[in-house]
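K.L.:
Using only what follows, build the 3D model:
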Amino acid sequence: MDGQEQRDKFYELYDKLIAGLAEKNRDAYSIHQERYEKILSALSLEKGERCEFGHHFKSLCIKNFKLQKIGGQHVVYRHGWPSGKASAP
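P.N.:
Predicted structure coming up:
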């Protein structure tokens with residue numbers, strides 16, 4: 001399976017998953033482009049730099065997301081589990 005086929009399959013499965021959620025929950029399980037860009041912006045700041053979206057937002061991003069450079073591109077991913085949940089093995 002080439003890269004385009006993998007992307008197509010991913011989005012097919014993702015759309016199926018989201019469609020199966022109650023409408024009120026769909027937004028909570030998606031990060032839209034604008035939100036992704038804000039998270040990317042906050043994680044790209046050096047320690048001590050002010051975040052244009054506020055220090056609480058920056059703290060939330062640092063606690064819940066990681067920024068990794070893969071193939072020359074920055075990728076944001078969720079790490080850990082929500083509080084109160086067990087850690088992954």
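K.L.:
name the helices or strands packed onto the strand or helix carrying residue 16?
P.N.:
For residue 16, the element it lies in under DSSP states H and E is helix 3-19. If you count contacts as 3 or more C-beta pairs under 8 Å, 6 or more residues apart in numbering; DSSP states H and E, helix 3-19 packs onto no helix or strand. (C-beta placed from N, C-alpha, C; glycine too.)
K.L.:
Any buried residues in the lowest-mean-pLDDT helix or strand in the chain, and which?
P.N.:
Lowest by mean pLDDT, DSSP states H and E among the helices and strands of the chain is helix 23-26, with a mean of 77. By 16 or more other C-beta atoms under 10 Å, helix 23-26 has no buried positions at all.
K.L.:
Tell me which residues are up against it.
P.N.:
Residues outside helix 23-26 that contact it (C-beta atoms under 8 Å, 6 or more residues apart in numbering) are residue 18.
K.L.:
Counting by contacts, list what the very next helix or strand once past it packs against.
P.N.:
Toward the C-terminus, helix 23-26 is succeeded by helix 33-43 as the next helix or strand (DSSP H and E). Helices and strands touching helix 33-43, by 3+ C-beta pairs under 8 Å, 6+ apart, are helix 55-64, strand 65-70, strand 73-78.
K.L.:
Appreciated, that's everything.
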